[in-house]
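K.L.:
Turn this into a structure:
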Amino acid sequence: MKTKWLGAALAALCLWAAPGQALAATVVVDAGHGGSDPGAIGVNGLQEKVVNLDISRKVRDLLMERGYDVRMSRDSDIYLSLSERVAYAKAQQADLFVSIHANSYSNPSTRGAMVLYYDDAYPQASYPASEEMRALSSESRELAQRVLDGFLASAGGTNRGLVPSAVYVVRMGNIPSILVETAFLSNAEDAAMLSTDSARNLMAVGIADGIEAYMPAAADGFADIRSHWAREAIIRLKEQGIVDGSPGGRFEPARALTRAEWVTLLGRVFDLGSANSACPAGSGSVSGSVYEDCKPSSAAANGNRTGGISSGTSSAVPRGGSSSKSPAAVQGAADFRDVTAKHWAFSQLDQAVKTGLLEGYPDGTLRPNQTVSRAEVAVLFERLAQLPTAGTDTGPFRDTPAGHWAAPAIAALKKSGLIDGATATSFAPDKSMTRAEAATLLDRYMRSGSR
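P.N.:
Sure thing, here's the model as predicted:
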């Protein structure tokens, strides 16, 4: 790859997809240059595009033998623009993008291997990165390090390290992406090495080893939870078919949970159909029966409940608000103007509406993509789990005292060891529940004797 390149790296589909068998990790292998673009020309006349394609094919074959799903951006001598390469990777809904190149430099004594990746700690104003790649800096760096380590262990050579870079293919994608510079065609020794099939084989083995070290073919988790505090809980739920990730191999643990996602998860843990007769439905966006707890001891405490799925501070949904349609008029999710049968969670939403667990808003909407608060999650979960009451008039957190509409549910979950506060003394009831927090709650319940 020419020197000029060295200076220049969610919500369309809901991630709580239907459970199923874990698919093999998908890797896009990108052979740099091609067609009318030969890339660097070696001191021995070797064209970079030829070297890149050969090593890329070897990497592909090795990865496929190890169980990976591999896609080649080019498998022949054709020209592809940089944007076409990135677009191709996105279209594959892959997990990783690995571009393979050979280097060139004005100083003929310079040799060795390096791996380029985008690092948001070193942004370049003239070459802005996609938001996805900015967020994936740490993952791309880890992938780069694993591949460099594997490469050097297999092929040897001079270690030129990791290089934060703004090259197009590592800064404009949406999955962990790296660019491997195998050796310098401008150096006589490196060029001679690149001309041999044995050296290219060793390089391919090293790259494949690094990819496998970063993400096994049948990954047990998601790329963005490798060091996350909720990783083990998320993996256990994935193994039970309760949660799944996006085709890009991510979980988005910090993203706020939506109404549709929460109802879907609850449907995988509880029999929502049995909830129909547990309590009569009342008013509100989450069924009033949720807030008007079946337990007589809790009913009085719920007098100041909020009727909306969003936090009580929302001006769009007044406290105690009710659906614009009477319960008799609402037969299912399709009765709401913002839900159609094409919605990814339609069947779950429909069941929740029909069983009285979920109601709409005064404006005739169900708002499936609206986030849910920690208090709302606690109340609905406790209602379905039917946990024993905490048996105290004092709430466990300062911001959910005994008079708070969600205090009984929060206290019951806390007593059962199923939920934690935002701090030791506060619950943050109006804060949106994150996907990681929801997964932790479900995992604790699945592992407890309460189920």
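K.L.:
and the spatially closest residue to Gln331 that is not a sequence neighbour, how many residues sit next to it?
P.N.:
Excluding its sequence neighbours, the residue lying closest to Gln331 (C-beta to C-beta, 6 or more residues apart in numbering) is Lys354, at 7.3 Å. For glycine as for every other residue, the C-beta is placed from the backbone atoms N, C-alpha and C. Close neighbours of Lys354, defined as other C-beta atoms under 10 Å, add up to 16.
K.L.:
Ok, Ser109 next?
P.N.:
10.
K.L.:
ditto for Asn107
P.N.:
Neighbours of Asn107 under the rule other C-beta under 10 Å: 10.
K.L.:
quick one, strands of the stretch 1-150 of the chain?
P.N.:
Ranges of strands within the stretch 1-150 of the chain are 26-31, 69-72, 96-103, 113-117, based on DSSP state E, counting those that start in this stretch.
K.L.:
so what's Gly421 up against?
P.N.:
Pro396, Phe397, Lys414, Phe427, Ala428 (C-beta atoms under 8 Å, 6 or more residues apart in numbering).
K.L.:
could you redo the last one with a cut-off of 6 Å?
P.N.:
Counting by C-beta atoms under 6 Å, 6 or more residues apart in numbering, Gly421 touches Phe397, Phe427.
K.L.:
now Asp54
P.N.:
Arg200.
K.L.:
ditto for the one 5 residues further on
P.N.:
Residues in contact with Val59 (C-beta under 6 Å, 6+ apart) are Val29, Ala204, Ile207, Ala208.
K.L.:
Could you verify that the second one is part of a helix?
P.N.:
Yes: Ala204 sits within a helix when classified using DSSP: H, G, I helix; E, B strand; the rest coil.
K.L.:
Can you give me every residue that contacts it?
P.N.:
Contacts of Ala204 by C-beta under 6 Å, 6+ apart are Ile55, Lys58, Val59, Leu62.
K.L.:
How about it: what's its closest non-neighbour residue?
P.N.:
Lys58 (3.5 Å).
K.L.:
returning to what we had before: thought the residue nearest to Gln331 was touching Ala334?
P.N.:
No: with contact defined as C-beta atoms under 6 Å, Lys354 does not reach Ala334; the gap is 10.6 Å.
K.L.:
closest to Ala217 out of the strands of the stretch 1-150 of the chain?
P.N.:
strand 69-72 (8.5 Å; C-beta to C-beta).
K.L.:
helices and strands around that closest one, which ones?
P.N.:
strand 26-31, helix 48-65 (3 or more C-beta pairs under 6 Å, 6 or more residues apart in numbering; DSSP states H and E).
K.L.:
And for the residue nearest to Ala204, the neighbour number?
P.N.:
Lys58 has 21 neighbours, counted by other C-beta under 10 Å.
K.L.:
How about the one 5 residues further on?
P.N.:
Other residues near Leu63 come to 24 when the count uses other C-beta under 10 Å.
K.L.:
Now do the same contact list for it.
P.N.:
Val27, Val70, Ala208.
K.L.:
Chain neighbours aside, what residue packs nearest to Thr110?
P.N.:
Per C-beta to C-beta, 6+ apart, closest to Thr110 is Phe184, 5.7 Å.
K.L.:
Just grab the bridge partners of that neighbour for me.
P.N.:
Asn103 (DSSP bridges).
K.L.:
Tyr214 and Ser140: what is the separation?
P.N.:
10 Å (C-beta to C-beta, to the nearest Å).
K.L.:
more crowded one of these two?
P.N.:
Higher neighbour count among Tyr214 and Ser140: Ser140, with 29 against 24, using other C-beta under 10 Å.
K.L.:
ok, for that one, nearest residue in space, not its chain neighbours?
P.N.:
Counting by C-beta to C-beta, 6+ apart, the residue nearest Ser140 is Tyr117, at 4.1 Å.
K.L.:
now the one you found: how far from Leu96?
P.N.:
The value you get for Tyr117 to Leu96, if C-beta to C-beta is used, is 12 Å.
K.L.:
Same check on Val339?
P.N.:
36 Å.
K.L.:
Comparing the two, which residue is more hemmed in?
P.N.:
Using other C-beta under 10 Å as the criterion, Val339 and Leu96 rank with Leu96 on top: 27 against 22.
K.L.:
Which residue is the nearest non-sequential neighbour of that one?
P.N.:
Once chain neighbours are set aside, the closest to Leu96 by C-beta to C-beta, 6+ apart is Val27, at 4.7 Å.
K.L.:
Do you have the helices of the stretch 151-300 of the chain handy? List them.
P.N.:
168-171, 188-194, 197-214, 231-239, 259-269, 288-291, 296-299 (DSSP state H, counting those that start in this stretch).
K.L.:
Turn these into JSON lines, columns for mean pLDDT and distance to Ala345.
P.N.:
Listed next are these as JSON lines, based on pLDDT from 0 to 100; distance: least, C-beta to C-beta, whole Å:
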{"stretch": "helix 168-171", "mean pLDDT": "98", "distance to Ala345": "34"}
{"stretch": "helix 188-194", "mean pLDDT": "98", "distance to Ala345": "52"}
{"stretch": "helix 197-214", "mean pLDDT": "97", "distance to Ala345": "32"}
{"stretch": "helix 231-239", "mean pLDDT": "91", "distance to Ala345": "17"}
{"stretch": "helix 259-269", "mean pLDDT": "94", "distance to Ala345": "4"}
{"stretch": "helix 288-291", "mean pLDDT": "34", "distance to Ala345": "18"}
{"stretch": "helix 296-299", "mean pLDDT": "34", "distance to Ala345": "29"}
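K.L.:
of all those, which lies closest to Gly449?
P.N.:
helix 259-269 (15.0 Å).
K.L.:
okay, the angle between the closest one and helix 231-239?
P.N.:
Interaxial angle, helix 259-269 versus helix 231-239 (axes from the mean of the first three to the mean of the last three C-alpha atoms, to 10 degrees): 70 degrees.
K.L.:
Pull the contacting residues for Arg60.
P.N.:
Going by C-beta under 6 Å, 6+ apart, Arg60 touches Val29, Val70, Met72.
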